[in-house]
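**Student:** Can you look at this prediction? I've put the sequence above it.
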Amino acid sequence: MIMNTTFTKVPKTLGISDFRAALASNLAKAKKSPIIISDRKGGESYVVLGAGAYNELIELWEDEQAGRTLARLIKENKGKKLIPWEQVRVK
């Protein structure tokens, strides 16, 4: 299922206490766009996003990796003799 979520850097962070104080509301917002929360005094930051957006992000990453693999294989096979499909095809 493609949701067409737009992934961009999110500059605004929300403190973890503020995130917890409005947990239900913030989780609903995370379904629409990622939320960045930080722990006390701006230490570690975490990204909260809905499962659909996460799955879409993973699919985009997998597609990118497949594209890089394909480009590498094409480059490695450049100039090599091709085998006609009829010889390769299982009958």
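**Tutor:** Cool, got the structure.

**Student:** could you check the distance from the residue positioned nearest the centre of the chain over to residue 71?
**Tutor:** Nearest to the geometric centre of the chain sits residue 57, at 2.1 Å (CA atoms, centre = their mean). Going from residue 57 to residue 71 by CB to CB, to the nearest Å gives 21 Å. All C-beta atoms are positioned from the backbone trio N, CA, C, and that covers glycine.

**Student:** which SS class is residue 26?
**Tutor:** On the three-state scheme (DSSP: H, G, I helix; E, B strand; the rest coil), residue 26 is labelled helix.

**Student:** That one: how many residues sit nearby?
**Tutor:** By the criterion of other CB atoms under 10 Å, residue 26 has 16 neighbours.

**Student:** contacting residues for it?
**Tutor:** 14, 19, 35, 48 (CB atoms under 8 Å, 6 or more residues apart in numbering).

**Student:** need these in JSON lines with pLDDT, distance to residue 83 and neighbour count, can you?
**Tutor:** Conversion of these to JSON lines gives the following (pLDDT from 0 to 100; distance: CB to CB, whole Å; neighbours: other CB atoms under 10 Å):
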{"residue": "14", "pLDDT": "83", "distance to residue 83": "57", "neighbour count": "19"}
{"residue": "19", "pLDDT": "89", "distance to residue 83": "57", "neighbour count": "20"}
{"residue": "35", "pLDDT": "88", "distance to residue 83": "52", "neighbour count": "19"}
{"residue": "48", "pLDDT": "91", "distance to residue 83": "50", "neighbour count": "16"}
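
**Student:** can you confirm residue 14 is in a helix?
**Tutor:** No: going by three-state DSSP, the assignment for residue 14 is strand, not a helix.

**Student:** now it, which residues is it bridged with?
**Tutor:** Per DSSP bridges, the residues bridged to residue 14 are residue 37.

**Student:** so how far is residue 31 from it?
**Tutor:** 15 Å.

**Student:** the helices in the protein, which residues?
**Tutor:** 16-21, 23-32, 51-76, 85-88 (DSSP state H).

**Student:** Of those helices, give the one that comes closest to residue 40.
**Tutor:** helix 16-21 (7.3 Å; CB to CB).
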